[in-house]
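Enquirer: from the sequence below, what's the structure:
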Amino acid sequence: MLYDMNDNENLPSNLFDTWVFETSIDRTIWIPYLQAIEKNGSLWLTRFQGGELDIDLAITDTVMIYGYSGDLPVAFLLDASKTNTTVIIHSRYNESPLIFEPLLRVGKIDVLQEQILFRTNERKRAVIAKECVLARLRQMNWLIDVPASHIKNIKIANGVNEVRQYEAQYSKIYWERYFSCLGYPDYSRRGKNPISDALNACSLFLVGPILRWIYLHRLSPSHGYLHVQTTYNALVYDLMEPVRH
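Expert: All right, here's what the predicted structure looks like:
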């Protein structure tokens, strides 16, 4: 659905919300390319590339400002502190975001802690890894058939390593079929060739939006479930798994 950003009367009220907590009225807002922000009664009138929005910090959990061209008043940050609202500033030119986080977030769920705890629990980590791989295999159905028995084997697999083995098995079959259909049976996904270069470029393009989503939700990009090393943005590639085909 496309919206006219200048038609404020017909814009849905939750257009800029990324989620609304089921247990509270708090919401998270993403602001692209901030131009100006100023006090408007009890609200903050925020102008950005494409429109404007009144932000009520009292019912806002997090504000993420992506890109920047205007000024951010200190008074806005102080108001955010009073309402326990997190403010995140991120740009594609800076890999690490700037995060203004209230010292005490009373009543808020520490999602970063939950992420780490889930990751250290082998059973829960395997459940999440299985969902990533199953989502990817479902997307491969247009080219290869994955038997129901193998789907069942993934669901009952003992641990992440076994899940990764099934993923590698069907990825190999998929890419062999993929390159053969394109008329390049000698190409491989990890090989140096124009098609792989184009696919790698597409994956690199997706890293930015997914990384911003991770930062916005105050998660660690380095702590994945299917991809276990913490020396790179493992969680990014977990979330990218369903479309890496």
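
Enquirer: for residue 210, give its distance to residue 30.
Expert: 13 Å (CB to CB, to the nearest Å). Every residue, glycine included, has its C-beta placed from N, CA and C.

Enquirer: please apply the same query to residue 84.
Expert: The value you get for residue 84 to residue 30, if CB to CB is used, is 19 Å.

Enquirer: cool, and residue 97?
Expert: Separation of residue 97 from residue 30 (CB to CB) stands at 12 Å.

Enquirer: domain ranges for the protein?
Expert: Domain segmentation of the chain under automatic domain parsing yields 8-100, 111-243.

Enquirer: lowest-confidence stretch among those domains?
Expert: The minimum mean pLDDT among those belongs to domain 8-100 (a mean of 80).

Enquirer: so what's residue 111 closest to, chain neighbours aside?
Expert: Spatial nearest neighbour of residue 111, excluding adjacent residues (CB to CB, 6 or more residues apart in numbering): residue 218 at 5.5 Å.

Enquirer: equivalent analysis for residue 230, please.
Expert: Take residue 230 and drop its neighbours on the chain: the residue closest to it by CB to CB, 6+ apart is residue 222, 4.5 Å away.

Enquirer: doesn't that neighbour belong to a helix?
Expert: No. According to DSSP: H, G, I helix; E, B strand; the rest coil, residue 222 belongs to no helix; its state is coil.

Enquirer: what about it, neighbour count?
Expert: Each residue near residue 222 was counted by other CB atoms under 10 Å, and the total is 15.

Enquirer: before we move on, what about residue 226?
Expert: Around residue 226 there are 23 residues (other CB under 10 Å).

Enquirer: fine by me, thanks again.
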